[in-house]
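S.K.: give me coordinates for this.
(chains A and B)
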Amino acid sequence: MIGNIIFFVLVALGIIFAIIRMVMGKTIFDRVLGIDVINIIITGLLVVIAGILDNRLYLDIAIVFAILAFLETIVFARYLEGKE
Amino acid sequence: MNILYYILIVLGGIFYAAGGLGLLRMPSIYTRAQAGTKATTLGTMLTLIGVGVMHPEWLPKILLIIVFIVLTNPVGSSTLIRSAYRSGVKSHKELAIDELGPHYEKEAE
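M.R.: Residues are numbered from 1 along each chain as shown, chains lettered A, B, ... in the order given. Coordinates of the predicted model:
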């Protein structure tokens, strides 16, 4: 039980750091990188929530979320390529 | 079994927090991408294996997610950084080795 709470606190720290980088970010690429890291962290978090709630449905949600996160990063990168 | 699960997910959480901290503290976009991507990929692997230890019947789907993350996370990050490089984002100091630069100069000619 305490392990779960420690995990959630650490995940919250990681997400908060990434959000600070997203808000501060010098260039647009820093902001996209912040979104990328948040997406990866949330994928892991969804799987842990599936384990805690004992519900397999969240695993499917995690797969779809990972696919959409990858697509988002690629689309942003290709769209911004070559722009100042 | 329980102990192993808790150890693995707390280790994964430590890597997540370290990835976020690296994203916040590193000096330029290239170092930030390296810190963020490597640490969160390893953190995801540890966390998901921890959940798989707790629920062995879910292992095939969890392994699918791990393989997908390990394949796509570095690809997405390197695509993003290549686009930052081509947009002319400077590193925090002069690059000692720059293998990408001559490649694009040759392409432009």
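S.K.: so which residues of chain B form strands?
M.R.: Under the criterion DSSP state E, chain B carries no strands.
S.K.: pick out the residue nearest the middle of it.
M.R.: For chain B, the residue sitting closest to the mean C-alpha position, by Cα atoms, centre = their mean, is B:Thr37 at 1.7 Å.
S.K.: with chain A as the reference, measure out to that residue.
M.R.: Between B:Thr37 and chain A the distance, using Cβ to the nearest Cβ, to the nearest Å, works out to 8 Å. For every residue, glycine as well, the C-beta is placed using N, CA and C.
S.K.: that residue contacts B:Val70, doesn't it?
M.R.: No. Counting by Cβ atoms under 8 Å, B:Thr37 sits too far from B:Val70 to count as a contact (11.0 Å).
S.K.: tell me the contacts of the residue nearest to the centre of chain B?
M.R.: A:Asp36, A:Val37, B:Gly19, B:Asn73, B:Pro74, B:Ser77 (Cβ atoms under 8 Å, 6 or more residues apart in numbering or on different chains).
S.K.: give me the number of residues near B:Val75?
M.R.: By the criterion of other Cβ atoms under 10 Å in any protein chain shown, B:Val75 has 12 neighbours.
S.K.: cool, B:Ile49 as well?
M.R.: Neighbour count for B:Ile49, taken as other Cβ under 10 Å: 19.
S.K.: any idea how far B:Ala17 is from it?
M.R.: As defined by Cβ to Cβ, to the nearest Å, B:Ile49 lies at a distance of 18 Å from B:Ala17.
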